[in-house]
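A.B. asks: Generate coordinates for the sequence data below:
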Amino acid sequence: MADADGRPNVLFVLTDQERYDYSAPDGPPVETETIDRLSREGIRFERAVTPISICTSARASLLTGLFPHGHGMLNNSHEADAIRANLPTELPTFSELLAESGYELTYTGKWHVGDDQTPEDFGFSYLGGSDVHHDNIDEAFREYREERGTTLEETELEDEIYTRGDEESGTFVAATTPVDVEDTRAYFLAERTIDAIEAHAEDDREEPFFHRADFYGPHHPYVVPEPYASMYDPAEIERPDSYAETYDGKPRVHENFLHYRGVADFDWETWAEVIAKYRGFVTMIDDQLERILESLEEHGLEEETAVVHASDHGDFVGGHRQFNKGPLMYDDTYRIPLQVRWPGVVEPGSVCEAPVHLHDLAATFLEMGDLEVPDAFDARSLVPLLEGESGAATERPDSVFAQYHGDEFGLYTQRMVRTERYKYVYNGPDVDELYDLEADPAELQNLIDHPGYADVREAMRERLVDWMERTDDPNGKWVPDVLREQDRN
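C.D. replies: Here you go, the predicted structure:
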């Protein structure tokens, strides 16, 4: 089904730091009924990854269809060490191309792509929910809370947890807020999205709409109200297998990061409290997504609207005993949830095991809109996979490629290639990593020097070199020689 001009409406819901496994069938016991519904009524991608586990860079890739080294937003734009503050305007973006083709584009919520740019610079009408670049509280949400009589400044949080155990020197991690669910920013952003759906339904335009809803969460601080704050009992949360991390044979930066993030002294009881709040946050957002889908149904738009849910990247939340994300290329932060419901196109209940990237959505949205994908894009459209074309999966690479360039911790070059079974991580200043994901899904044992994996190591390095060459990675001018020399030795 499609809009009057033959093209589908698109509702794109992007969360911030949502783990893949929390909505996976074999994942922890987290209530994600609405995401599960999208999987039942559409397709779930088993092997989707972000091109980079940091907000600005991943979101810039999503807009441009490029790996970070291609668009130049290599780390967070708001930080003092930002390599680039704004996305180069000469790069084509899927949103501008859709707008030029007649789509009506609207946007609510988090942006965080450039300091001096907003969604309106890239073809969207911005409906609020954020400040102009990062994740501070915007005036619209302040006014909303004031109208409800629950001003932000007068709200006293409970059960607060900070890194370093100190509000003065630590980072705010989690808490319970005494306000109602209707006072949360997640609810507010859902309201803004529902308003947009209502406006589109009442519009007499023949052209379709594209609405993007960017939730602030479940990124820390994990601040949730009841019933979500106590929905998950910390005493019943099982330690993830990766909590047994010793950092033996790993790059030194992994253990250093514990101290930088201020969680080296967190015991399991503290982590269990944190994880419980994170899981509550995930479920709260899932419930807001249900409200949005109900709005589509109420306005008769369900059959002509493709719904896409993804996250910019994951979150450690105690995995490998780490907090947030950083120069560690584990599945905790690089594997992402991705579901697509497209009535009349996607076979309900489908599961795709082909490896795909978050920024493949840029090309996908263009093909949904009957537009050509720019040659400059690294992205490959998922539409053949969504349509269930025979051989579509085998025509794609058998691996995914990702990278990291640093954030406030300091610049740190990494490249990663991942197949279904193996992962290879190139660490410029330190030891490389090789994991057998079948034998060691928690990624605890670095096999880089294991003699029994010499052939695997060489093959994965060649895959990495191939990705660097095909994407014009500037590190491809010298890293391949280093890797090949190591294999000869």
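
A.B. asks: Could you pull out the buried residues of stretch 448-468?
C.D. replies: Of the residues in stretch 448-468, those scored as buried under the neighbour-count criterion (16 or more other C-beta atoms under 10 Å) are 448, 453, 456-457, 460-468. (Each C-beta comes from the backbone N, C-alpha and C, glycine too.)

A.B. asks: Show the average pLDDT along that stretch.
C.D. replies: Per-residue pLDDT values across stretch 448-468 average out to 96.

A.B. asks: chain center to it, what's the gap?
C.D. replies: The chain centre lies 27 Å from the centre of stretch 448-468; the measure is C-alpha atoms, centre = their mean, to the nearest Å.

A.B. asks: neighbouring contacts of that stretch?
C.D. replies: Stretch 448-468 has contacts (C-beta atoms under 8 Å, 6 or more residues apart in numbering) with 249, 397, 399, 401, 415-417, 419, 422-424, 426, 431-434, 436, 447, 473, 475-476, 479-480, 483-484, 486-487.

A.B. asks: Please check these and keep the buried ones.
C.D. replies: Applying the neighbour count, that is 16+ other C-beta under 10 Å, the buried entries in those are 397, 399, 401, 415-417, 419, 422-424, 426, 432-434, 436, 447, 473, 475-476, 479-480, 483.

A.B. asks: Could you report the separation of residue 322 from residue 451?
C.D. replies: In this structure, residue 322 lies at 30 Å from residue 451, with C-beta to C-beta, to the nearest Å as the measure.

A.B. asks: out of the contacts of stretch 448-468, which are inside helices?
C.D. replies: Judged by DSSP state H, the subset of these located in helices is 479, 480, 483, 484, 486, 487.

A.B. asks: mind listing what the first one touches?
C.D. replies: Spelled out, that is residue 479. If you count contacts by C-beta under 8 Å, 6+ apart, residue 479 has them with 415, 426, 428, 465, 468.

A.B. asks: go on, the last one?
C.D. replies: With contact taken as C-beta under 8 Å, 6+ apart, residue 487 is in contact with 457, 458, 461.

A.B. asks: so can I have a markdown table of the residues you listed showing secondary structure and distance to residue 54?
C.D. replies: Putting the contacts of residue 487 into a markdown table (DSSP: H, G, I helix; E, B strand; the rest coil; distance: C-beta to C-beta, whole Å) gives the following:
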| residue | secondary structure | distance to residue 54 |
| --- | --- | --- |
| 457 | helix | 27 |
| 458 | helix | 30 |
| 461 | helix | 25 |
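
A.B. asks: so which of the residues you listed would you say is closest to residue 204?
C.D. replies: Among the contacts of residue 487, residue 461 lies closest to residue 204 (C-beta to C-beta), at 57.4 Å.

A.B. asks: Give me the distance between the closest one and residue 317.
C.D. replies: Using C-beta to C-beta, we find residue 461 at a distance of 31 Å from residue 317.

A.B. asks: Touching, residue 148 and residue 181? I think so.
C.D. replies: No - if you go by C-beta atoms under 8 Å, residue 148 and residue 181 don't touch, sitting 11.6 Å apart.

A.B. asks: Which of these two has more residues huddled nearby?
C.D. replies: For the pair residue 148 and residue 181, the greater number of neighbours falls to residue 181 (16 against 13), based on other C-beta atoms under 10 Å.

A.B. asks: mind listing what that one touches?
C.D. replies: If a contact means C-beta under 8 Å, 6+ apart, then residue 181 has 187, 225, 228, 284, 287 as its contacts.

A.B. asks: Then residue 83?
C.D. replies: For residue 83, the residues meeting the contact criterion (C-beta under 8 Å, 6+ apart) are 72, 73, 74, 75, 405.

A.B. asks: which residues of the stretch 201-350 of the chain fall in helices?
C.D. replies: Secondary structure of the stretch 201-350 of the chain by DSSP state H, counting those that start in this stretch: the helices cover 252-261, 268-298, 331-334.

A.B. asks: For the longest one, name the packing helices and strands.
C.D. replies: Right, the one you point to is helix 268-298. Helix 268-298 sits against strand 9-16, helix 33-41, strand 158-162, strand 172-176, helix 185-202, strand 209-218, strand 222-224, strand 305-311, with contacts defined as 3 or more C-beta pairs under 8 Å, 6 or more residues apart in numbering; DSSP states H and E.

A.B. asks: List the pairing partners of the first one within its sheet, with orientation.
C.D. replies: Okay, so that is strand 9-16. Using DSSP bridges, strand 9-16 pairs in its sheet with strand 209-218 (parallel), strand 305-311 (parallel).

A.B. asks: List the contacts of that strand.
C.D. replies: Contact with strand 9-16 is made by 3, 55, 62, 110, 193, 197, 200, 208-219, 285, 289, 292, 296, 301, 304-312, 337, 361, 365, 368, as judged by C-beta under 8 Å, 6+ apart.

A.B. asks: same thing with the second one?
C.D. replies: For helix 33-41, the external contacting residues (C-beta under 8 Å, 6+ apart) are 23, 44, 286-287, 289-290, 293, 307, 309, 337, 339-341, 348-349.

A.B. asks: got it, and the last one?
C.D. replies: When contacts are defined by C-beta under 8 Å, 6+ apart, strand 305-311 is touched by residues 8-20, 35, 38, 42, 48, 50, 289, 293, 296, 336-343, 345, 358, 361, 368.

A.B. asks: Select only the buried ones of those residues in ChimeraX?
C.D. replies: Typed into ChimeraX, the line below selects the buried ones among these, using 16+ other C-beta under 10 Å:
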select :8,9,10,11,12,13,14,15,16,17,18,19,20,35,38,42,48,50,289,293,296,336,337,338,339,340,341,342,343,345,358,361,368
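
A.B. asks: Deepest-packed of the helices of the stretch 201-350 of the chain, please.
C.D. replies: Of all those, helix 331-334 carries the top mean neighbour count, a mean of 25, counting by mean count of other C-beta atoms under 10 Å.

A.B. asks: Just the mean pLDDT for it, thanks.
C.D. replies: Averaged across helix 331-334, the pLDDT comes to 98.

A.B. asks: thinking again about what came up before, how about the contacts of residue 479 in JSON lines, adding distance to residue 143?
C.D. replies: Written out in JSON lines, the entries for these read as follows (distance: C-beta to C-beta, whole Å):
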{"residue": "415", "distance to residue 143": "45"}
{"residue": "426", "distance to residue 143": "48"}
{"residue": "428", "distance to residue 143": "47"}
{"residue": "465", "distance to residue 143": "54"}
{"residue": "468", "distance to residue 143": "49"}
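
A.B. asks: sorry, back to before: of all the helices of the stretch 201-350 of the chain, which one is nearest residue 98?
C.D. replies: That would be helix 268-298 among the helices of the stretch 201-350 of the chain, by C-beta to C-beta, at 19.0 Å.

A.B. asks: Switch the helices of the stretch 201-350 of the chain over to TSV; also include distance to residue 373.
C.D. replies: Output for the helices of the stretch 201-350 of the chain, formatted as TSV (distance: least, C-beta to C-beta, whole Å):
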stretch	distance to residue 373
helix 252-261	36
helix 268-298	27
helix 331-334	24
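
A.B. asks: nearest to residue 158, of those helices?
C.D. replies: Scanning these with C-beta to C-beta as the criterion, the closest one proves to be helix 268-298, at 11.2 Å.

A.B. asks: Can you tell me which helix or strand of this protein has the lowest average pLDDT?
C.D. replies: The helix or strand of the chain with the lowest confidence, counting by mean pLDDT, DSSP states H and E, is helix 479-488 at a mean of 82.

A.B. asks: mind saving the C-alpha coords of it as CSV?
C.D. replies: Extracted in CSV, the C-alpha atoms of helix 479-488 (Å, rounded to 0.1, in the frame of the first residue of the first chain):
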residue,chain,number,x,y,z
VAL,A,479,47.3,-0.1,7.4
PRO,A,480,47.1,-2.9,4.8
ASP,A,481,50.9,-3.1,4.6
VAL,A,482,51.1,-3.3,8.4
LEU,A,483,48.6,-6.1,8.5
ARG,A,484,50.2,-8.1,5.7
GLU,A,485,53.6,-7.7,7.2
GLN,A,486,52.4,-9.1,10.5
ASP,A,487,51.0,-12.1,8.6
ARG,A,488,54.3,-12.7,7.0
